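Student: Provide a 3D model corresponding to the input given below.
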Amino acid sequence: MKKLWRAVSVGLCGIAAAALIAGCGSTAGNESVQKGILKVGVTNFADTLEPTQNYFGWVVMRYGLGECLTKFDEKMNVQPWLAEKWSISDDHLTWTIKIRDGVKFSNGDELTAEAVKASLERVFAKNNRAETFFKYKEIRAEGQNLIITTEKPMPNLMGFLADPLFIVVDTKAEAGRDFAKEGPICTGPYMVESFVKEKAVMKKNPNYWAGEVPFETVEIPSIDDPNTRAMALQSGDVDMAVNIAAGDIDTFRNNSQYVVDEISSLRTVLARLNQKGILKDPKVRAALICGCNRETYNKVLLKGTFMAGKAPVPPSMDYGFDQLTDPNAYDPERAARLLDEAGWRDSDGDGIREKDGQPLKLDFVIYNSRAELPLYAEAVQADLKKLGFDIQIKNVDYNLVDQMGIKGEYDLL
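Tutor: Numbering: from 1, shown residues only. Predicted structure coming up:
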């Protein structure tokens with residue numbers, strides 16, 4: 001029987017590692033792949049395929065639809081993608097980017113510098129986040145050269161253009177197509193046959209420019225529960241599964257039908273602290289952080305697939321992580337002392353500290369489509385309860401998280 005190598009991509013970082021698990025599949029899996037259909041179980045946070053909405057561009061790229069001007073290699077060096085090469089002026093303000101010849105959108109239209117210009121302008125018009133990357137004075141096209149003049153020197157511009165927010169779309173196709181529901185017209189190996197949040201179906205792009213597309217069809221069911229994704233992989237309902245829970249990884253590691261290929265991830269799992277209200281006091285923030293036993297969370301709850309973070313930049317980016325000292329390493333005695341110094345005490349013996357009649361109560365907002373987040377939140381809740389915090393976990397849909405962050409509707413997010 002022909003082998004089907006089944007893969008599971010597991011994104012893990014607390015700071016984390018990512019794993020690819022491959023195995024000899026079931027009869028059902030073999031039959032689907034032999035028919036040119038690949039089934040990939042994912043957790044999908046995107047309500048639409050509009051790449052400028054929220055962070056949905058990541059899904060558009062992961063589904064094989066969209067491509068950017070540049071991309072990163074495994075060492076995080078910027079590499080050409082739809083851009084062939086680039087140069088910068090002596091004043092470090094004007095970039096000349098040569099757009100790759102011979103590339104077509106999935107509808108057969110040629111990729112031109114003018115098309116890229118229109119796509120970038122569309123991003124800036126639709127999403128304010130674009131200006132957090134760079135601000136431009138002018139974007140113009142000269143033949144196949146795209147020329148971007150920025151307001152100030154932006155040495156990382158070509159890296160910024162690798163962000164999925166800047167996926168290149170055919171803006172002319174938008175007149176007769178709803179990008180949100182039907183998917184954008186892009187240059188990737190696949191194009192949308194159908195999309196709802198629960199399941200997407202991608203078809204091979206007959207105009208793809210960068211080699212043979214391996215499957216005629218890719219079916220992408222959204223399976224939000226990580227345990228269910230693991231079971232779907234084992235049963236052959238899917239051929240690949242993304243973000244398997246840490247507790248299930250050994251099931252695949254210890255099964256000869258699967259091969260686990262792991263690589264350090266760039267993902268950092270963190271909680272944003274709202275520096276208003278209770279957490280405006282730096283002593284309370286420090287107490288909260290050093291009251292969390294992150295080493296134990298990662299070693300015990302997450303089976304060593306994560307490592308404790310001490311900076312926003314993970315060690316896989318080689319910015320001296322190992323040389324950093326964590327100023328708020330786990331120290332519950334220090335945490336209790338800081339809370340006392342800040343005036344938070346348990347005056348009524350109910351286990352919760354108060355100050356000026358206000359309980360030390362915080363809302364911790366999470367979304368559960370990432371398997372590690374509920375585990376982290378519950379562990380934080382338990383550790384901080386010992387110190388007199390009352391942590392209320394609020395589990396919300398991912399699509400609410402961005403606006404809650406913007407509006408400040410959280411204590412921890």
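
Student: For the stretch 301-413 of the chain, which segments are assigned as strands?
Tutor: 354-355, 358-359, 361-366, 390-395 (DSSP state E, counting those that start in this stretch).

Student: For the ones you listed, give me TSV that also has mean pLDDT.
Tutor: Formatted as TSV, these follow (pLDDT from 0 to 100):
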stretch	mean pLDDT
strand 354-355	96
strand 358-359	96
strand 361-366	96
strand 390-395	96
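
Student: of all these, which gets the most neighbours per residue?
Tutor: strand 361-366 (a mean of 20; mean count of other CB atoms under 10 Å). Backbone N, C-alpha and C define where each C-beta goes, glycine included.

Student: okay, the angle between that strand and strand 390-395?
Tutor: Relative orientation of strand 361-366 and strand 390-395, computed by axes from the mean of the first three to the mean of the last three CA atoms, to 10 degrees: 30 degrees.

Student: contact partners of strand 361-366?
Tutor: With contacts defined as CB atoms under 8 Å, 6 or more residues apart in numbering, strand 361-366 is touched by 271, 278-279, 288, 352, 373-374, 376-377, 380-381, 389-396, 401, 404, 409-413.

Student: if you go through this structure in chain order, where are the helices?
Tutor: 27-34, 57-62, 113-126, 157-160, 179-182, 226-235, 246-253, 282-290, 294-296, 332-341, 372-385, 398-407 (DSSP state H).

Student: among the ones you listed, which is nearest T43?
Tutor: Of all the helices of the chain, helix 226-235 sits nearest to T43, with 7.3 Å by CB to CB.

Student: and that closest one, how far out from the chain's middle?
Tutor: 21 Å (CA atoms, centre = their mean, to the nearest Å).

Student: buried set for it?
Tutor: 226, 229-234 (16 or more other CB atoms under 10 Å).

Student: Next one: N298, what pLDDT does it get?
Tutor: N298 carries a pLDDT score of 87 in this model.

Student: Run a quick neighbour tally on it.
Tutor: 26 (other CB atoms under 10 Å).

Student: my read: it touches Y330, true?
Tutor: No - counting by CB atoms under 8 Å, N298 sits too far from Y330 to count as a contact (11.5 Å).

Student: okay if I get the helices of the chain as CSV plus distance to E198?
Tutor: Listed next are those as CSV, based on distance: least, CB to CB, whole Å:
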stretch, distance to E198
helix 27-34, 19
helix 57-62, 13
helix 113-126, 25
helix 157-160, 33
helix 179-182, 14
helix 226-235, 13
helix 246-253, 22
helix 282-290, 37
helix 294-296, 35
helix 332-341, 43
helix 372-385, 21
helix 398-407, 14
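
Student: ok, how many other residues are close to Y330?
Tutor: 18.

Student: Can you name the residues that contact it?
Tutor: Per CB under 8 Å, 6+ apart, neighbours of Y330: 290-295.

Student: Also P51?
Tutor: Per CB under 8 Å, 6+ apart, neighbours of P51: 57, 60, 66, 164-165, 167, 169, 179, 184.

Student: let's see it at 10 Å
Tutor: When the contact criterion is CB atoms under 10 Å, 6 or more residues apart in numbering, the partners of P51 are 57-61, 65-66, 119, 122-123, 126-127, 164-169, 179-180, 183-184, 186.

Student: Now, of the residues you listed, which are buried?
Tutor: Buried among the contacts of P51 (16+ other CB under 10 Å): 57-61, 65-66, 119, 122-123, 127, 164-169, 179-180, 183-184, 186.

Student: how far is stretch 384-401 from where the chain is centred?
Tutor: 21 Å.

Student: First-to-last residue distance for that stretch?
Tutor: 23 Å (CA to CA, to the nearest Å).

Student: pLDDT score assigned to the residue nearest to L165 when sequence neighbours are not counted?
Tutor: Spatial nearest neighbour of L165, excluding adjacent residues (CB to CB, 6 or more residues apart in numbering): G57 at 5.0 Å. You'll see G57 listed with a pLDDT of 96.

Student: pretty sure A162 is touching V78, no?
Tutor: Yes - in this structure A162 lies within contact range of V78 using CB atoms under 10 Å: 6.6 Å.

Student: okay, and the common contacts of those two?
Tutor: With CB under 10 Å, 6+ apart, A162 and V78 have common neighbours 69-72, 156.

Student: ok, G57 touching A46?
Tutor: Yes - if you go by CB under 10 Å, G57 and A46 touch, sitting 9.1 Å apart.

Student: Now which of the contacts of Y330 would you call buried?
Tutor: Here, 16+ other CB under 10 Å leaves 290-294 buried among the contacts of Y330.

Student: Which single one of the residues you listed is nearest to L302?
Tutor: R294 (10.3 Å).

Student: Common neighbours of N298 and Y330, please.
Tutor: Joint contacts of N298 and Y330 (CB under 10 Å, 6+ apart) are A308.
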